[in-house]
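Trainee: From the sequence below, what's the structure:
(2 chains)
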Amino acid sequence: ILNVEQSPQSLHVQEGDSTNFTCSFPSSNFYALHWYRWETAKSPEALFVMTLNGDEKKKGQISATLNTKEGYSYLYIKGSQPEDSATYLCVTGTASKLTFGTGTRLQVTL
Amino acid sequence: NAGVMQNPRHLVRRRGQEARLRCSPMKGHSHVYWYRQLPEEGLKFMVYLQKENIIDESGMPKERFSAEFPKEGPSILRIQQVVRGDSAAYFCASSLGGIMNTEAFFGQGTRLTVV
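Mentor: Below you'll find the predicted structure:
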């Protein structure tokens, strides 16, 4: 894997559904992995910064895991709400820059 | 504590003119990053500055584009002799420490349209 890849590209769920997204990244020269949430017409907002293999982070109903050896991270949303609708970006960090994936666009409807 | 402030929010320039985009980082942040989002594409890194110094400009086109972050005042991204392909949303982010393990805070972007 040369770049950050995210799947699925888009997802449409009903309110109350739980969902998860996948981020794959090059496992060599790993420094850090960030998850950002980007709502339309707003700026990207940091959710998590993860650096250690096996890291698990949680913020409200959103959680993330990290596997640096195999190069993937999962983002979980438990009990999705319409306000969770956004694009979720997986980002790898080096000492000087962030490399963004193309994101997973989540749409949560009533 | 105000967030990252970018201005203007929208900028229209004719081909050949200059565009100046401003970014005021969050208070206390000395690391600034510029990203560009072309239509239908994701965010792409352009340049990383740390007070008065350009640390990494590997994502910035070699011609017509320049960036600075003076000791006093906002960071400026300058595009000379703009062309239609420069039309994009330009986002600035700042962080307290290096981006490796600290979160970056993004501004709301400047949408540049070249006509």
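Trainee: Which parts of the chain are helices?
Mentor: Since no chain was named, I'll use chain A. For chain A, helices defined by DSSP state H do not occur.
Trainee: actually it's chain B I care about, not the one you picked
Mentor: Counting by DSSP H, chain B contains no helices.
Trainee: just for it, where's the confidence low?
Mentor: B:1, B:99-100 (pLDDT under 70).
Trainee: Please identify the residues of it in proximity to chain A?
Mentor: B:3-4, B:33, B:35, B:42-45, B:48, B:55-56, B:58-59, B:91, B:93, B:98-109 (C-beta under 8 Å from any C-beta of the partner chain). Just so you know, the C-beta spots here come from the backbone N, C-alpha and C atoms, and that holds for glycine as well.
Trainee: Give me the buried entries from those.
Mentor: B:3-4, B:33, B:35, B:42-43, B:45, B:48, B:55-56, B:59, B:91, B:93, B:98-100, B:102-109 (16 or more other C-beta atoms under 10 Å in any protein chain shown).
Trainee: In strands, which of the residues you listed appear?
Mentor: Those of these mapping onto strands are B:33, B:35, B:43, B:45, B:48, B:55-56, B:91, B:93, B:105-106, per DSSP state E.
Trainee: now what about stretch B:36-52, what contacts it?
Mentor: Residues from elsewhere that reach stretch B:36-52 (C-beta atoms under 8 Å, 6 or more residues apart in numbering or on different chains): A:44, A:89, A:96-103, B:30-35, B:54-60, B:65, B:67-71, B:75, B:77, B:87-91, B:99, B:109.
Trainee: residues contacting B:M5?
Mentor: Counted by C-beta under 8 Å, 6+ apart, B:M5 has contacts B:23-24, B:74, B:107.
Trainee: Can you find the helix or strand in chain A with the smallest mean pLDDT?
Mentor: strand A:98-100 (a mean of 81; mean pLDDT, DSSP states H and E).
Trainee: in its sheet, what does that one sit against?
Mentor: strand A:86-93 (antiparallel) (DSSP bridges).
Trainee: Let me know the average pLDDT across the partner strand.
Mentor: Strand A:86-93 shows a mean pLDDT of 90.
Trainee: what about the most centrally placed residue in chain B, distance to B:K62?
Mentor: In chain B, the centroid-proximal residue (C-alpha atoms, centre = their mean) is B:W34; its distance is 3.5 Å. Distance, B:W34 to B:K62, using C-beta to C-beta, to the nearest Å: 15 Å.
Trainee: now A:T65
Mentor: 40 Å.
Trainee: Comparing the two, which shows the higher neighbour count?
Mentor: A:T65 (16 against 6; other C-beta atoms under 10 Å in any protein chain shown).
Trainee: check contacts around that one.
Mentor: Counting by C-beta under 8 Å, 6+ apart, A:T65 has contacts A:54-56, A:73-74, A:76.
Trainee: Turn these into JSON lines, columns for neighbour count and distance to A:Y36.
Mentor: Below are the contacts of A:T65 laid out as JSON lines (neighbours: other C-beta atoms under 10 Å in any protein chain shown; distance: C-beta to C-beta, whole Å):
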{"residue": "A:G54", "neighbour count": "10", "distance to A:Y36": "22"}
{"residue": "A:D55", "neighbour count": "16", "distance to A:Y36": "16"}
{"residue": "A:E56", "neighbour count": "13", "distance to A:Y36": "18"}
{"residue": "A:S73", "neighbour count": "24", "distance to A:Y36": "12"}
{"residue": "A:Y74", "neighbour count": "15", "distance to A:Y36": "15"}
{"residue": "A:Y76", "neighbour count": "15", "distance to A:Y36": "16"}
